[in-house]
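[1] got a predicted structure here, sequence first:
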Amino acid sequence: MLRNELSTLFRRRRTQAMLAALAVVPVLISVVVRLSGGPSGGEGPRFLSQVTHNGVFAVLAGLTVMLPIFLPMAVTVVAGDAIAGEAGLGTLRYLLVRPAGRARLLACKTVAVMAFCLAATATVAVAGLLSGVALFPLERVTTLSGDTLPLSVGMVRIAIAAVLVAVSLLGVAAIGLFVSTMTDVPVGAMAATLALFIGVGVLNALPQVDVIHPFLLTNYWTSYADLLRTEVRWGGIVRNVGLQGLYLAVFGSAAWARLTTKDVLC
Amino acid sequence: MSTGEIAAPPQAPRRDRAPLAHRAPAIAGVARAAIRTEGLTKRFGSQLAVNDVSLEVPDGSVFGFLGPNGSGKTTTVRLLLGLLTPDAGHAELLGRRMPEASDEVLPSVGALIDGPACYPWLTGRQNLERFDAFGPDPQRKDRARRIDEALARVGLGNAADKRFKAYSLGMRQRLGLANALLRPRRLLILDEPTNGMDPQGTREIRHLVRELAADGATVFVSSHLLAEIEQLCTHVAVMSRGSLLAQGSIAELQVGTEAVVRVETTDVALACAVLSEAGLHPTVTGSAVTAASGPAEAPSLPPAEELVRRLVHAGVGVRRFVIERPSLEETFVAMTGEGFDVAQ
């Protein structure tokens, strides 16, 4: 069941096109930085200025550029499509009379969407790494604290950062899955999820509502950068992972409640 | 159900004719029902889509579920399969409560619901692989063989590796049927299986249904086209505006319908006399005598061979002798008081 779900998801042209598009940006960053001779220190997105000295920073620059909008957008498409897409095609009824089991189907879809979060992030990271390594030298990794780490240690930390970026997407994924159980129109589910996500971003930028900031799913999104300190600061990272887990639990339960009682009419 | 070439009704359908075999209890002699519902009711907003439907589909029957468009057939099918939650009443498939027993029951139930639905970017074969993989009993080992057999059975062997989006309507319907046939089934629920099929395809479906029934499966076929399935069915139920009007075996449903005897003869007067004597009410048009049995029970009409014997014995020169009964369609038009294909 899960195997087929994954192969159906990743065999789909739309998924492949999205991953390809996600891969383009980090490559573009590396090429542009290379051609322009690099930004003067401190300009542009975080980590960008280090790319000229060390190719592995192309991974972090790519993730930093992609995390705020492009990655969540891709996740929104896949999560919003999860149930609503089946309902829209009418295949939901055939899966259910097979019987797929409503709770099992939701679990399967959740795992598939999580796998997509990981795949999308990995695509950005690998594209960044390959283009960075191809165009720039590899050196010891300079931390935010100013020290340097051996390349191997730096690489491991960057890999963990990529995983944390993927985890950061789980909250959006959970909201998307829930919205997806509410409608038979996948585009509607995608748009609604994206709107919610942007709304959260707006709230998170308003200092007047800073009491709720710790509960907004994007609040700790940049915490992965704390891995690049000589002494890793875990506070934000742990809170981010916990918050994403909370969103997953809350919206996952809501999706379960909705899907298991839903009248399937399409 | 006409026995003669002429399918004209014996009389204009009358609204006040009593529904026949209404709510007939279980067909005598059959202990188990493949499908049983009690008081099944489903409401969508203010619309009562299915109203207090108590169905009994005998094991091993070919059951025609008939009714005009919008009469609640598909909603009933969705309730049976656990896709909808009833507002009242309950449904049993193969003796088990739905939807609680879905995992145990549904693997033995093949279904085509409201037309086929597949993934357009997958091939026919990949679509079947996906549906097959999503059950509680994946049976991966013989999947390829089962899929090949199902595709061959519906005549899609050559189009198996084309993408679904390139399929014609009839091919899509065939793929939907192949999905219903992926495993050995004890019950098939086929909702409008001939939709979009050409006449050849429709014949093939009929053949398929006969085959399935011969293998011992119960086949529940819903349709708004009576003519397509009336030759197939052993039992029939009729829906109209969400309610079950009648159900029973074909014979039960025909009890009480008027039979008409048509005789072509040179001895019109003599034939009339014989038929009158037999308790019929003959009328004459040219060289033909038409005699209705009257709206009485079937036994009042003597068997055909007996009538012919009497006619010949009396010296009537019989050129043609036919006993006509109203077709199912005419019976149901009489029941519903409306054209059968008229949507509400």
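    Thanks, I have it.

[2] show me what from chain A comes close to chain B.
    Proximity of chain A to chain B, by C-beta under 8 Å from any C-beta of the partner chain, involves residues A:1, A:3-4, A:8, A:11-13, A:89-91, A:93-101, A:104-105, A:261, A:263-265. Placement of C-beta: from N, CA and C, glycine included.

[3] buried ones from these, can you make that a ChimeraX selection?
    This is the ChimeraX syntax for the buried subset of the residues of chain A next to chain B, where burial follows 16 or more other C-beta atoms under 10 Å in any protein chain shown:
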select /A:1,4,8,12,89,90,91,93,94,95,96,97,98,99,100,101,104,105,264
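
[4] inside helices: which ones of the residues of chain A next to chain B?
    In this view, the residues of chain A next to chain B that belong to helices under DSSP state H are A:3-4, A:8, A:11, A:13, A:89, A:91, A:93-96, A:104-105, A:261.

[5] chain B: which of those residues is nearest?
    A:Asn4 (3.9 Å; C-beta to the nearest C-beta).

[6] ok, and the closest non-adjacent residue to the residue nearest to the spatial centre of chain A?
    Closest residue to the average C-alpha location of chain A: A:Leu169 at 3.8 Å, with C-alpha atoms, centre = their mean. Nearest residue to A:Leu169, sequence neighbours excluded (C-beta to C-beta, 6 or more residues apart in numbering or on different chains): A:Cys117, at 4.2 Å.

[7] any weak-confidence spans in chain A?
    Low-confidence segments of chain A (pLDDT under 70): A:38-43.

[8] how about the helices in it?
    A:2-11, A:13-36, A:57-66, A:70-89, A:91-96, A:102-135, A:151-168, A:170-180, A:186-205, A:235-261.

[9] could you dump those helices to CSV with distance to A:Ser223?
    Shown next, in CSV, are these (distance: least, C-beta to C-beta, whole Å):
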stretch, distance to A:Ser223
helix A:2-11, 28
helix A:13-36, 21
helix A:57-66, 12
helix A:70-89, 15
helix A:91-96, 37
helix A:102-135, 15
helix A:151-168, 7
helix A:170-180, 13
helix A:186-205, 14
helix A:235-261, 3
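
[10] looking at those, which is closest to B:Ala314?
    helix A:91-96 (63.5 Å; C-beta to C-beta).

[11] list the contacts of that closest one.
    A:83, A:86, A:102, A:105, A:264, A:266, B:78, B:81-83, B:111, B:113-114, B:117-119, B:131, B:134, B:179 (C-beta atoms under 8 Å, 6 or more residues apart in numbering or on different chains).

[12] which of those residues fall in strands?
    B:Ala111 (DSSP state E).

[13] ends of stretch B:52-70, how far apart?
    By C-alpha to C-alpha, to the nearest Å, the extent of stretch B:52-70 from end to end equals 16 Å.

[14] with stretch A:3-19 instead?
    Start-to-end, stretch A:3-19 (C-alpha to C-alpha) is 19 Å.

[15] was I right about A:Ser30 contacting A:Phe136?
    Yes: contact criterion C-beta atoms under 8 Å: A:Ser30 and A:Phe136 qualify, at 7.3 Å.

[16] mutual contacts of those two, please.
    A:Val51, A:Gly55, A:Ala58.

[17] what's the spacing between the first one and A:Phe136?
    With the distance defined as C-beta to C-beta, to the nearest Å, A:Val51 ends up 6 Å from A:Phe136.

[18] more neighbours: which of those two?
    Each of A:Val51 and A:Phe136 has its neighbours counted (other C-beta atoms under 10 Å in any protein chain shown); A:Val51 has more, 28 against 21.

[19] ok, that one - contacts?
    Contacts of A:Val51 (C-beta under 8 Å, 6+ apart): A:Ile29, A:Ser30, A:Val33, A:Gly38, A:Phe57, A:Ala58, A:Ala61, A:Gly132, A:Phe136.

[20] which among those residues end up buried?
    So, of the contacts of A:Val51, A:Ile29, A:Ser30, A:Val33, A:Gly38, A:Phe57, A:Ala58, A:Ala61, A:Gly132, A:Phe136 end up buried under the neighbour-count rule (16+ other C-beta under 10 Å).

[21] the residue nearest to the fifth one when sequence neighbours are not counted and A:Ile29, how far apart?
    Just to be clear, that refers to A:Phe57. The shortest distance from A:Phe57 to any residue other than its chain neighbours is 4.1 Å, reached at A:Gln50 (C-beta to C-beta, 6+ apart). Going from A:Gln50 to A:Ile29 by C-beta to C-beta gives 12 Å.

[22] quick one: pLDDT of the residue of the stretch 201-344 of chain B found nearest chain A?
    Residue nearest to chain A within the stretch 201-344 of chain B: B:Phe220 (13.3 Å; C-beta to the nearest C-beta). Predicted confidence (pLDDT) for B:Phe220: 96.

[23] who does the strand or helix carrying it touch, helix- and strand-wise?
    Secondary structure from DSSP states H and E places B:Phe220 in strand B:218-223. Packing partners of strand B:218-223 (3 or more C-beta pairs under 8 Å, 6 or more residues apart in numbering or on different chains; DSSP states H and E): strand B:33-44, strand B:56-58, strand B:62-66, helix B:73-80, strand B:187-191, helix B:199-214.

[24] again, only this time at 6 Å
    For strand B:218-223, the helices and strands in contact under the criterion 3 or more C-beta pairs under 6 Å, 6 or more residues apart in numbering or on different chains; DSSP states H and E are strand B:62-66, strand B:187-191, helix B:199-214.

[25] mind putting the ones you listed in a markdown table, distance to B:Asp52 and mean pLDDT included?
    What follows is the helices and strands packed on strand B:218-223, written out as a markdown table (distance: least, C-beta to C-beta, whole Å; pLDDT from 0 to 100):
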| stretch | distance to B:Asp52 | mean pLDDT |
| --- | --- | --- |
| strand B:62-66 | 16 | 93 |
| strand B:187-191 | 21 | 96 |
| helix B:199-214 | 29 | 90 |
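
[26] may I see the ones you listed organised as CSV, with mean neighbour count added?
    Below are the helices and strands packed on strand B:218-223 laid out as CSV (neighbours: other C-beta atoms under 10 Å in any protein chain shown):
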stretch, mean neighbour count
strand B:62-66, 26
strand B:187-191, 25
helix B:199-214, 16
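
[27] who wins for proximity to B:Val260 among those?
    Per C-beta to C-beta, nearest to B:Val260 of the helices and strands packed on strand B:218-223: strand B:62-66, 23.5 Å.
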